[in-house]
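**Student:** Quick check, what structure comes out for this input:
(chains A and B)
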Amino acid sequence: MTKIPPALKPGDTIGITCPSSKISGDVAAYAAEVLKSWGLKVRIGKTVGGAWNNFSAPDADRRSDLQDMLDDPEIQAILFGRGGYGMVRILDGLNFKAFAARPKWIAGYSDITTMHIHIYHNYKIASLHSLMCSGIIPETAGGPFVTSLKNALFGMPAIYTFDSNPLNISGDCIGPLVGGNLSLLANLSGTVSCPNMRGKILLLEDTSEYRYVVDRMMYNLKRAGWLEGLAGMIVGSFTDYRDTSTPFGQTEHELIRELVKEEGFPVCFGFPAGHQVENYALKIGVPYQLKVEDTHCHLREKIS
Amino acid sequence: MSIIPPYLKPGDTIGITCPAGYMCRPDIQPAMDLLQSWGYRVRVGNTIDAQDYTFAGSDDQRAADLQDMLDDDGINAILFGRGGYGTVRIIDRINFNRFYLKPKWLVGYSDITVLHSHIQTQMHIPTLHAEMCIDLLYGTLDQSALSLQRALTGEKLSYQFAPHPLNRIGQSIGLLVGGNLSLLVSVTGSASELGTYGKILFIEDVDEYLYNIDRMMYTLARAAKLDHLSGLVVGGFTRTKEDETIPFGQTPEEIIADKLKSSGYPVCFGFPAGHQPDNYALKLGMPYRLSAGMDKCTLEEI
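**Tutor:** Alright, predicted model coming up:
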């Protein structure tokens, strides 16, 4: 069974760190104010507001900032500043011993997918696929998506209902949710972080990729066994796509459907998750029930 | 020891097919003229002039054209029209039984890396990493094209090239394997995944973001593809891209060298192969000697 980190209580401390690309101090400061309004204390890591090329800090500093927050018993959860690129550069240097003994929620998406899958595969600890500090701005702070992060952190089980998509493959399934950013998942194939997906619900989203590259990455997942025995699939958004001068001829959703339509598991397209404002919090490693019906889909966290 | 496909004799037939991106007939004419000037017959597959968006026909068409040429004893080698994208979409439909019994040289690079890697891993049959129809021009003195001609006729290939400041000095022997980095990464974890233990690995790439080259090198490292190489030969990393306005801060060569810190095998940057005018033929799956010296580097077929 997946270990579920304890839910936060008012007065708990949440750490903010940037393991990948840089974020301005102002953006983090606003997010910190919102987190404080939830009754949390906030610890700002030394990588926040820093810059080293496109990274927030050199590898060693990003690693030590995250390591300190993983180890510190006074920090009950970690919210990342943003994604970008850089998690894989520090991941194998992290020591998960204290974290595995005393799990805490770590929240993020995109480049953070590498860490989500690594700790699920190696330590069977749940983590949060959610927006980050970069997604907490005045326009979103009181809205449903930031609220979904708050609810997840404070232990309220999620029930999401959303419109059906014409491409959906109807059905009903239950399984632990595993996944995230397609580019990052494809880069885990064959590595020490690659999970067994049998019985799981696979979550996919991506941004700014060429359509042919999305197709190639989907073939990677298929040929590397990610789709074998899946319980179901949730496809989020594929935003800011790129295309070749001769068009690829299929949208991301269409090419994914083409690859999985014979597999026999339910698939929903257009779940509000990904590189956009509409990005509901989802618990990686936690069982959900997915119902894909004619007009609506339902995703419900299973309470053990 | 691997089964080496027979080298070509005058009058042999080379088949041309497009397993990935589309090409029209006029665009392969210069390559046909060149091959004929070398004394070969040419058979043009029915994927030439076929188009399905970016592909040279549907998956079914491209698979059937390649299958026919693999199975046809009247075709002695296959030269691919171009790369692009699409080989991975058909590879699992191809039946290699006949090819395994009667191997022939398959010639290409870029997206064709999927075939190189698959055939190396599954069959241990050498293939040719070399220019394709899209690169071949008739009537110009193209050293890269001549290296393909020498490879096809069975000459041993030996190259000397300039040293690079990031090279790691040394000598080694091993089977040469590899190809396009993006494609090698995209077959990782699959039946086409390249084994690199004890091998000399060759990599090249084009049009990639520097951060993505970094990420892909981490994938190779974390899939244990760089731990036990006999040597590493890095070709062109051309037309690299930067994200937004913030530089990544390292060149492709620096990115690659960084991932090798704990390993001791010889490493050569700047081998003249890849998506660039100089793209010398390399027999993948064949034994080579790599020598990275202070003044020069050599890669010679043994």
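**Student:** Spell out whether the host helix or strand of B:E204 and chain A are in contact.
**Tutor:** Take DSSP states H and E as the rule and B:E204 turns out to sit in strand B:200-206. No. If you take Cβ under 8 Å from any Cβ of the partner chain as the test, strand B:200-206 misses chain A, and the best it gets is 12.8 Å. Yep, even glycine has a C-beta here, placed from its N, CA and C like the rest.
**Student:** residues in contact with the next helix or strand after that strand?
**Tutor:** With elements assigned by DSSP H and E, the helix or strand that comes after strand B:200-206 is helix B:210-222. Here helix B:210-222 makes contact (Cβ atoms under 8 Å, 6 or more residues apart in numbering or on different chains) with A:54, A:85, A:88-89, A:92, A:183, A:187-193, B:181-182, B:184-185, B:188, B:205, B:208, B:226-227, B:237, B:240-243, B:248, B:250, B:252, B:255-256, B:258-259.
**Student:** likewise stretch A:16-31?
**Tutor:** A:32, A:42-45, A:47-52, A:54-57, A:62-63, A:65-66, A:69, A:78-87, A:90, A:111-112, A:115, A:133-134, A:136-138.
**Student:** how close does the residue lying closest to B:I112 once chain neighbours are set aside sit to A:E254?
**Tutor:** Nearest residue to B:I112, sequence neighbours excluded (Cβ to Cβ, 6 or more residues apart in numbering or on different chains): B:F80, at 5.4 Å. To A:E254, B:F80 is 27 Å away according to Cβ to Cβ, to the nearest Å.
**Student:** Please identify which of those two sits among more neighbours.
**Tutor:** B:F80 (30 against 14; other Cβ atoms under 10 Å in any protein chain shown).
**Student:** and A:A77, what does it touch?
**Tutor:** Applying Cβ under 8 Å, 6+ apart, we find A:A77 in contact with A:5, A:8, A:12-15, A:104-107, A:153.
**Student:** what's the answer for B:Q143, then?
**Tutor:** Residues near B:Q143 by Cβ under 8 Å, 6+ apart: B:278, B:280.
**Student:** What are the boundaries of the strands in the stretch 151-300 of chain B?
**Tutor:** For the stretch 151-300 of chain B, applying DSSP state E, counting those that start in this stretch gives strands covering B:158-161, B:170-180, B:200-206, B:231-238, B:267-269, B:282-284, B:287-292, B:297-301.
**Student:** interface residues of chain B facing chain A?
**Tutor:** Counting by Cβ under 8 Å from any Cβ, the residues of chain B that sit close to chain A are B:22, B:52-54, B:85, B:88-89, B:92, B:182, B:185-193, B:211, B:214-216, B:218-219, B:222-223, B:243-244, B:246-249.
**Student:** Give me every residue in chain A lying close to chain B.
**Tutor:** Applying Cβ under 8 Å from any Cβ, we find that chain A lies next to chain B at A:52-54, A:85, A:88-89, A:92, A:183, A:186-194, A:212, A:215-217, A:219-220, A:223-225, A:244, A:246-249.
**Student:** redo that, cut-off 6 Å
**Tutor:** Where chain A comes near chain B, counting by Cβ under 6 Å from any Cβ of the partner chain, the residues are A:53-54, A:85, A:88, A:187, A:189-192, A:212, A:216, A:219-220, A:223-224, A:244, A:246-249.
**Student:** Just to be sure, which of those are found in helices?
**Tutor:** A:88, A:212, A:216, A:219-220, A:223 (DSSP state H).
**Student:** Closest to B:L157 out of those residues?
**Tutor:** Taking Cβ to Cβ as the measure, A:R216 is the one of these closest to B:L157, at 30.0 Å.
**Student:** What sits closest to that closest one if chain neighbours are left out?
**Tutor:** What sits nearest to A:R216 in space, not counting adjacent residues and going by Cβ to Cβ, 6+ apart, is B:S186, at 5.3 Å.
**Student:** Tell me, how many residues neighbour that neighbour?
**Tutor:** For B:S186, the neighbour count with other Cβ under 10 Å is 28.
**Student:** remind me which residues of the stretch 151-300 of chain A are low pLDDT?
**Tutor:** Residue ranges of the stretch 151-300 of chain A with pLDDT under 70: none are present.
**Student:** Do a quick rundown of the helices in it.
**Tutor:** With DSSP state H, counting those that start in this stretch, the ranges of helices along the stretch 151-300 of chain A come out as A:182-186, A:211-223, A:252-260.
**Student:** ok, and the closest non-adjacent residue to A:H118?
**Tutor:** Spatial nearest neighbour of A:H118, chain neighbours left out: A:S193 (4.1 Å); criterion: Cβ to Cβ, 6+ apart.
**Student:** Can you tell me how far B:D135 is from B:G274?
**Tutor:** Taking Cβ to Cβ, one finds B:D135 at 11 Å from B:G274.
**Student:** Those two: which is more packed in?
**Tutor:** Between B:D135 and B:G274, B:G274 has the larger neighbour count (other Cβ under 10 Å), namely 24 against 19.
**Student:** residues contacting the more buried one?
**Tutor:** Counting by Cβ atoms under 6 Å, 6 or more residues apart in numbering or on different chains, B:G274 touches B:204, B:235-236.
**Student:** Just read off the phi/psi values of the residue in the stretch 1-150 of chain A that chain B sits nearest to.
**Tutor:** Closest residue of the stretch 1-150 of chain A to chain B, Cβ to the nearest Cβ: A:N53 (3.5 Å). With angles defined as degrees, to the nearest 10, A:N53 sits at phi 50, psi -130.
**Student:** Tell me how far it lies from B:S158.
**Tutor:** Using Cβ to Cβ, one gets 40 Å for the distance from A:N53 to B:S158.
**Student:** who's more crowded, those two?
**Tutor:** When neighbours are counted by other Cβ under 10 Å, A:N53 and B:S158 differ, and A:N53 comes out ahead with 16 against 13.
**Student:** Provide a list of residues in contact with B:R62.
**Tutor:** Counting by Cβ under 6 Å, 6+ apart, B:R62 has contacts B:19, B:47, B:56, B:90.
**Student:** The first one in helix, strand or coil?
**Tutor:** Same thing as B:P19. Put simply, B:P19 is coil when judged by DSSP: H, G, I helix; E, B strand; the rest coil.
**Student:** What is the burial count for it?
**Tutor:** So B:P19, with other Cβ under 10 Å, has 34 neighbours.
**Student:** Would you reformat the strands of the stretch 151-300 of chain B as TSV and include mean pLDDT?
**Tutor:** Shown next, in TSV, are the strands of the stretch 151-300 of chain B (pLDDT from 0 to 100):
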stretch	mean pLDDT
strand B:158-161	97
strand B:170-180	98
strand B:200-206	98
strand B:231-238	98
strand B:267-269	98
strand B:282-284	98
strand B:287-292	98
strand B:297-301	98
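**Student:** Mind putting the ones you listed into a markdown table with distance to A:E205?
**Tutor:** Listed next are those as a markdown table, based on distance: least, Cβ to Cβ, whole Å:
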| stretch | distance to A:E205 |
| --- | --- |
| strand B:158-161 | 43 |
| strand B:170-180 | 26 |
| strand B:200-206 | 25 |
| strand B:231-238 | 29 |
| strand B:267-269 | 36 |
| strand B:282-284 | 36 |
| strand B:287-292 | 42 |
| strand B:297-301 | 42 |
